[in-house]
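Q: Attaching a predicted model along with its sequence, questions to come.
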Amino acid sequence: MNLFLKELKTTIVLAFPIIVGFLGQGLFMLVDTFMIGQLLGERALASATLANSLFWLPMMICIGLSMGLPVFVAQLRGRESMRHDFVAARERVAAGEASILRHSLLVQIVASCFFVALLFLFVHASLFDKLGQPHEVSAIAESYTLILALSLPAGTVFVAVKSYRDATKKQWRGMFWTLIGIALNIFFNYVLMTGALFFPEMGLNGAAAGTLISRTISLAGIVFHGDFSLRLREKFNFKETFRILKFGVPCSAQGIFEGGFFMLSPFFMGWIGESSIAANAIAITIVSFVYMVPAGLAQAMSIRVGEAFGARQLQKIFNIAAGLLALTFVLMILNGSAVILFCREIAAVFNLTPEGTQLAAGFLMISGFSSLFDGFQCVSSGVMRGMGDVKIISYATFVAYWPLAVGFGLFLAFPLGFDGNGIWLGLAGALFVLSIFFTGRWISQLQKQKRAGIAFPS
């Protein structure tokens, strides 16, 4: 029990600033949604929701491509910690970390620039209108999307550098610059939306410009706050790039299948009505913010499990995972209970119409009941990533989100008449299935290694 508690304490020390940093990333969306609703009204909020939903998918794909970065760094450190030639091991770690970071940033920059071009093409083709969205909402969303798209490279590279800082035990720097970014986002959102302090009054476009400016400054800060070596004189090589992609592509696929649901849900709501779009935006914003807690825990989990995996410490992996899942259970029960109890009060904060407020409260109540499943599937997938078991994550996420969440959700929403609640009930079912499968998966993988009587591969 002492060993179990010791591992949990170590993980919490690592996880706390990571969680704060993830919550800060969630606050970007929460702040934008709150300020747009308060300052510009429901129509502007519906427009921003369409744009943010479209933007979120490439953001998730790019973030997925960098998920191997902290895991590879952690596995490298764990593997080299078992060596007896400490000086040589330190140099191998430094060289290996530089190579992992250099190739990860290359992949990140190329991918994010590619998606900026796709977002511009989407707007140029007037696809919001062609997807059956209200014309008044689509017209405002297009210019907002163009400005927001420009923030994609800065936002995704920031996440990659932050994950590297986390893996190298400099997680406080990532937290610091995330919080600075939030403060800047609030300031620039307000002055650019309202025209205060001699700034131009840009309306909804001011919120997108505020996000672009704050993300750019945050990226510059986390890059130059303490040195890290990229060893740019060394050549890029295909083998290392392929290793990054081999790990990152399944993680991105998970982002596509998961993020694709949230990207399409506002369009599903658009078939119901404008108030449903805005209400869905509130629910997604709150759920995304709450999700940052298990997401931060999962990041810490993948780092600690990665180190133990590299060092071939089977029992340590179990101790780390079991402790953090117990903590996740407590935290998500508290989070879910708070959302359920105060769903109406939370919805009322965002200045919707009475109909929109009532719809948002219903969506939030469903999300509150499913938050425990969301936490377990997220943290358990962190265990699997630390062990390099990523392909099965993408397959399971596809099955859960599309045949189940989308198919079952649309069936409940339209033929059975549950409307927007049906979409959210479909999501709850998917999260339940994933939580059971992912938890069982990592436990079975550990038992398989134990029965085989062999150490983890180096």
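A: Yep, that arrived. Numbering: from 1, shown residues only.
Q: Any regions of the stretch 101-250 of the chain where pLDDT drops low?
A: Nowhere does the stretch 101-250 of the chain drop to pLDDT under 70.
Q: any idea where the helices of it begin and end?
A: 127-130, 135-149, 152-167, 171-194, 204-224, 238-270 (DSSP state H, counting those that start in this stretch).
Q: Which elements pack onto the shortest one?
A: Identification of packing neighbours for helix 127-130 by 3 or more Cβ pairs under 8 Å, 6 or more residues apart in numbering; DSSP states H and E yields helix 135-149. From N, CA and C alone the C-beta is placed, and that goes for glycine too.
Q: What is the helix it packs on packed up against?
A: Judged by 3+ Cβ pairs under 8 Å, 6+ apart, the packing partners of helix 135-149 are helix 42-65, helix 86-124, helix 127-130, helix 204-224.
Q: ok, back up a step: so which of the helices of the stretch 101-250 of the chain is the most packed in?
A: Of all the helices of the stretch 101-250 of the chain, helix 152-167 carries the top mean neighbour count, a mean of 24, counting by mean count of other Cβ atoms under 10 Å.
Q: which secondary structure elements does that helix contact?
A: helix 2-40, helix 42-65, helix 68-80, helix 86-124, helix 171-194, helix 204-224, helix 274-310.
Q: Off-centre distance for the second one?
A: Averaged C-alpha coordinates place helix 42-65 at 12 Å from its chain's average position (Cα atoms, centre = their mean, to the nearest Å).
Q: For that helix, list the C-alpha coordinates in PDB.
A: Provided in PDB are the C-alpha atoms of helix 42-65 (Å, rounded to 0.1, in the frame of the first residue of the first chain):
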ATOM      1  CA  GLU A  42     -27.100  34.100 -29.600                       C
ATOM      2  CA  ARG A  43     -26.700  34.400 -33.400                       C
ATOM      3  CA  ALA A  44     -23.000  35.300 -33.100                       C
ATOM      4  CA  LEU A  45     -22.600  32.400 -30.700                       C
ATOM      5  CA  ALA A  46     -24.200  30.000 -33.200                       C
ATOM      6  CA  SER A  47     -21.900  31.300 -35.900                       C
ATOM      7  CA  ALA A  48     -18.800  30.900 -33.700                       C
ATOM      8  CA  THR A  49     -20.000  27.400 -32.800                       C
ATOM      9  CA  LEU A  50     -20.100  26.300 -36.500                       C
ATOM     10  CA  ALA A  51     -16.600  27.800 -37.100                       C
ATOM     11  CA  ASN A  52     -15.100  26.300 -33.800                       C
ATOM     12  CA  SER A  53     -16.500  22.900 -34.600                       C
ATOM     13  CA  LEU A  54     -14.900  23.000 -38.100                       C
ATOM     14  CA  PHE A  55     -11.700  24.200 -36.600                       C
ATOM     15  CA  TRP A  56     -11.600  21.700 -33.800                       C
ATOM     16  CA  LEU A  57     -11.200  18.700 -36.000                       C
ATOM     17  CA  PRO A  58      -7.900  19.700 -37.700                       C
ATOM     18  CA  MET A  59      -6.700  20.900 -34.300                       C
ATOM     19  CA  MET A  60      -7.300  17.400 -32.800                       C
ATOM     20  CA  ILE A  61      -5.600  15.700 -35.800                       C
ATOM     21  CA  CYS A  62      -2.500  17.900 -35.400                       C
ATOM     22  CA  ILE A  63      -2.400  17.300 -31.700                       C
ATOM     23  CA  GLY A  64      -2.700  13.600 -32.300                       C
ATOM     24  CA  LEU A  65       0.300  13.600 -34.500                       C
END
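Q: quick one: average pLDDT of that helix?
A: In this model, helix 42-65 carries a mean pLDDT of 82.
Q: coming back round to it: what's the closest of the helices and strands packed on helix 152-167 to Thr156?
A: Thr156 lies closest, by Cβ to Cβ, to one member of the helices and strands packed on helix 152-167: helix 42-65, at 3.9 Å.
Q: Now that closest one: buried residues?
A: Neighbour-count burial for helix 42-65, counted by 16 or more other Cβ atoms under 10 Å, picks out 42-65.
Q: for stretch 317-332, same thing?
A: 317-321, 323-325, 327-328, 331-332.
Q: Closest one of those residues to Ile12?
A: Nearest to Ile12, judged by Cβ to Cβ, of these is Leu327 at 7.3 Å.
Q: Next, the angle helix 2-40 makes with the helix or strand where the closest one lies.
A: If you go by DSSP states H and E, Leu327 is part of helix 314-341. Per axes from the mean of the first three to the mean of the last three Cα atoms, to 10 degrees, the angle that helix 314-341 makes with helix 2-40 is 40 degrees.
Q: quick one, helix 314-341 and helix 274-310 angle?
A: 160 degrees.
Q: pLDDT of helix 314-341, averaged?
A: Here the average pLDDT along helix 314-341 is 91.
Q: how far out from the middle of the chain is it?
A: In terms of Cα atoms, centre = their mean, the centre of helix 314-341 is set 18 Å apart from its chain centre.
Q: by contact count, what packs against that helix?
A: Packed against helix 314-341 by the contact rule (3+ Cβ pairs under 8 Å, 6+ apart) you find helix 2-40, helix 274-310, helix 354-386, helix 420-452.
Q: ranking the ones you listed by burial, who's on top?
A: helix 274-310 (a mean of 26).
Q: so what's Gly296 up against?
A: Shown in contact with Gly296 (Cβ atoms under 8 Å, 6 or more residues apart in numbering): 15, 18-23.
Q: Can you add pLDDT and give those residues back as a markdown table?
A: Converted to a markdown table, the contacts of Gly296 look like this (pLDDT from 0 to 100):
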| residue | pLDDT |
| --- | --- |
| Ala15 | 86 |
| Ile18 | 85 |
| Ile19 | 85 |
| Val20 | 83 |
| Gly21 | 79 |
| Phe22 | 79 |
| Leu23 | 80 |
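Q: These: which two are farthest apart?
A: Farthest pair in the contacts of Gly296, by Cβ to Cβ: Ala15 and Leu23, 11.8 Å.
Q: ok so, going back, and the helices and strands packed on helix 314-341 as TSV, adding distance to Trp172?
A: Shown next, in TSV, are those (distance: least, Cβ to Cβ, whole Å):
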stretch	distance to Trp172
helix 2-40	5
helix 274-310	13
helix 354-386	20
helix 420-452	29
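Q: mind checking which of those is nearest Gln171?
A: Shortest distance between Gln171 and the helices and strands packed on helix 314-341, using Cβ to Cβ, is found for helix 2-40: 4.3 Å.
Q: which other helices and strands contact the closest one?
A: helix 42-65, helix 152-167, helix 171-194, helix 204-224, helix 274-310, helix 314-341.
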